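In: structure for this input, please:
(2 chains)
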Amino acid sequence: MKNFKKYLFWFANDHVDFRLSEIESIVSLLKTTIKWKEKPTIKPYWIAELPSEDVVKEIARRSVSLKHITELWAWSSTIENLHEQVRKFSDDHLIQCPDLHQISFKFNVEVYCNTQKYSEKVSKIETFNYLPFKGRVNLNNPDITLTYIEYFGNDPNKVPEKPYHLFFGKMIAKSQRKSISDLSLKNRIFIGNTSMDAELSLIMANCAKVTDGDLVYDPFVGSGSLLVAAAYFGGYVFGVDIDYLMIHGRTKPTRKQARDKPRKNESVLANMKQYGLESHYLDVLVGDSSLPIWRPELRLDAIITDPPYGIREATEKIGTSKERQNSSSICNSETKFPSKVIYSFHQILFDLFYFSAAHLKLNGRLVTWIPVYRDDYDEDHYIPQHPCFTLISNCEQIISRVLSRRLLTFEKTKEPTAEELENFEISDSGFREKYFSYKHGRDLVSN
Amino acid sequence: MLTSRCLKGVVTGYPLGIVAKEIKIQESEFNKDFITRLIPKLDWNVFWSTAKQIGYEGSLTQQIIADYENNENFLKDVHHALVEVDIFEGELICPETNRKFPITDGIPNMLIKDNEL
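Out: Numbering: from 1, shown residues only, chains lettered A, B, ... in the order given. Model prediction:
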């Protein structure tokens, strides 16, 4: 068997629960394999074996939870042993390189869960002076970046005197994290109250395995923040929302400073143009996702969505609670906004699965959020089950002491039979009712 | 791709008629791979007659040509009619009930009234 090189995956310290799901989805998208040296944990680093450097670069190019990936030359729990390993690596692999005089280089020294002064950093670099690099130091565009990392554990209240682990190697690639600031909601033209932030949107597009030329759909599109991320990774995007004012950018503005000014030129298309992604914009339209508005033959590569939970935005569909009046005069009235009824989250999930079973391609992915009560969360009760879908991952984003939401990634593993298309059950978590009864209870106590 | 099946009593609701009052051309990057993958998903007859109706059929013919994967000019014409032509103001019309769905600012409004459900 070929001897794969070892690589150090170094992660940014947020959305810890989403890392594995993102990386595994990217690996699956690249149709490659990854072998973990130890089971991934909440530590900021994972060590893995990968078949080639190109694969490493591709993973880094897609990931936003990663910071960078380094080819590991040495890792140890003591500094003496680390230097020993680096020396040996240098003797075995570096000395014979013919152009050591021309290679420019720089050092990247990081400490995790501790701080370092500039002078300390320089003296750490000096300890590696036995390395045979004789070229110029180039801080902006070096041929090679050498990475030295000291890991002081995960608990900032118990920082040990010496690091638990030390790593040394050659940085292969930086991650896609820069796109988080490029696509930041702070500078986006059109946002809504519940726009998804850039990082989570990009993670969702990764979980959905969106790739160049994919047809990607969001049935609860809102301000289109998920579509921006999907288009960023090459998807061709479209979506539907029931809120006419939202889609046309005419609701009360979300940004505080802009509330007195009228809004204009705000739309999902304007966002796409802002990022140069308008080629990937197909359409958004006003419609009711509980109704069949697409022809049955429509096939999608991915569905990514953040359905309304009924807390910060209304869950509505068209309907009326009144007795239906049988007069033709009403049919011709020109009311712009139809009356709407409450559309429970449970019903939303049911319709979402109904739609996905019918319209998602085989092995296509459905990525969606569900709100949960942390106290009474259990998988059987909260996670939807469908005969044609397999749960790939389930990641928690904690919102408060009692609330969180979970990002669910499903893969369609089977085309539904006529029976399965109509008859399946989604358990009702009763989240919204619990939320308001909890709030009510708390208000009673505080009064 | 859209239908008016959501309307009460409408069985297929497809294809929707189209009235274009204002057309905008949104220049967009041609992606051969995407268009090639999209064509089998289209109902070619409907696509062609719709493009012809609004006057953007270009060199496209009623019958889809056999080896379109390798015909770049053909794919570019499909790309133009499908992606770049944007009906900014207009209407979509249900073939069975003649119910009109307005298009404003390039966004179709497929909402129906509760008594049409």
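
In: export the host helix or strand of A:Thr147 as CSV, just CAs?
Out: According to DSSP states H and E, A:Thr147 maps onto strand A:144-151. Taking Å, rounded to 0.1, in the frame of the first residue of the first chain, the C-alpha atoms of strand A:144-151 are listed here in CSV:
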residue,chain,number,x,y,z
ILE,A,144,7.3,27.8,1.2
THR,A,145,5.6,28.6,4.5
LEU,A,146,6.9,26.8,7.5
THR,A,147,4.3,26.4,10.3
TYR,A,148,5.1,25.9,13.9
ILE,A,149,2.2,25.5,16.3
GLU,A,150,2.1,25.2,20.1
TYR,A,151,-1.2,23.8,21.5
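
In: low-confidence stretches in the chain?
Out: Here I'm looking at chain A. A:1-3, A:256-262, A:320-337, A:439-447 (pLDDT under 70).

In: looking at chain B here, not the other one
Out: In chain B, residues with pLDDT under 70: B:1-14, B:117.

In: looking at it, which helix is longest?
Out: helix B:44-53 (DSSP state H).

In: okay, and the beta partners of A:Leu360?
Out: Per DSSP bridges, the residues bridged to A:Leu360 are A:Leu300.

In: does it touch A:Ile303 like I think?
Out: Yes. A:Leu360 lies in contact with A:Ile303 (CB atoms under 8 Å); the separation is 6.0 Å. For the C-beta atoms, the positions are set from N, CA and C on the backbone; glycine is no exception.

In: hmm, back to that, contacts for the longest helix of chain B, please.
Out: B:14-15, B:18, B:57-58, B:60-62, B:64, B:81-82, B:85 (CB atoms under 8 Å, 6 or more residues apart in numbering or on different chains).

In: just how off-centre is that helix within its chain?
Out: 7 Å (CA atoms, centre = their mean, to the nearest Å).

In: over to stretch A:133-140?
Out: 36 Å.

In: in it, which residues are buried?
Out: Using 16 or more other CB atoms under 10 Å in any protein chain shown as the test for burial, stretch A:133-140 gives A:Phe133.

In: picking that back up, any idea which of the contacts of helix B:44-53 is closest to chain A?
Out: B:Tyr14 (5.3 Å; CB to the nearest CB).

In: partner residues bridging A:Tyr236?
Out: A:Leu215.

In: residues contacting it?
Out: Taking CB under 8 Å, 6+ apart, one finds A:213-216, A:280-282, B:34 in contact with A:Tyr236.

In: equivalent analysis for A:Tyr275, please.
Out: A:Tyr275 neighbours (CB under 8 Å, 6+ apart): A:182-183, A:228, A:231-232.

In: I figured A:Ile180 hits A:Leu200, correct?
Out: No. With contact defined as CB under 8 Å, A:Ile180 and A:Leu200 do not form a contacting pair (9.7 Å).

In: going through the contacts of A:Tyr275, which ones are buried?
Out: A:183, A:228, A:231-232.

In: could you find the closest non-adjacent residue to B:Pro15?
Out: B:Val46 (4.2 Å; CB to CB, 6 or more residues apart in numbering or on different chains).

In: give me the subset of the buried ones among the contacts of A:Tyr275 lying in helices.
Out: Using DSSP H, the buried ones among the contacts of A:Tyr275 in helices are A:228, A:231-232.

In: quick revisit: and the contacts of helix B:44-53, which two are the farthest apart?
Out: Using CB to CB, those span at most 23.9 Å, a distance reached by B:Tyr14 and B:Gly58.

In: those two: which has the busier surroundings?
Out: B:Tyr14 (20 against 15; other CB atoms under 10 Å in any protein chain shown).

In: what residues sit buried inside stretch B:60-76?
Out: Buried-residue list, stretch B:60-76, by 16+ other CB under 10 Å: B:60, B:64, B:68, B:74-76.

In: that one: how far from the chain's middle?
Out: 17 Å.

In: quick one: is it near chain A?
Out: No. For stretch B:60-76, no contact with chain A is found by CB under 8 Å from any CB of the partner chain; the gap never falls below 12.7 Å.

In: what are the phi and psi values at A:Lys106?
Out: Main-chain torsions, A:Lys106, degrees, to the nearest 10: phi -150, psi 160.

In: so what's the residue count around it?
Out: When neighbours are counted by other CB under 10 Å, A:Lys106 comes out with 18.

In: so who does it touch?
Out: Per CB under 8 Å, 6+ apart, neighbours of A:Lys106: A:137-139, A:142, A:144-146.

In: tabulate the contacts of A:Tyr275 (TSV), appending distance to A:Pro160.
Out: Below are these laid out as TSV (distance: CB to CB, whole Å):
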residue	distance to A:Pro160
A:Asp182	37
A:Leu183	38
A:Val228	42
A:Ala231	45
A:Tyr232	40
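
In: now the residue positioned nearest the centre of chain A: which helix or strand?
Out: In chain A, the residue lying closest to the centroid (CA atoms, centre = their mean) is A:Ile203, at 1.4 Å. Secondary structure from DSSP H and E places A:Ile203 in helix A:198-207.

In: contacting residues around that helix?
Out: So helix A:198-207 is contacted by A:14-15, A:18, A:21-22, A:25-26, A:29, A:62-65, A:176, A:179-185, A:196, A:216, A:225-226, A:228-230, A:232-233, A:235, A:304, A:365, A:367, A:392-393, A:397, A:407, A:409 (CB under 8 Å, 6+ apart).
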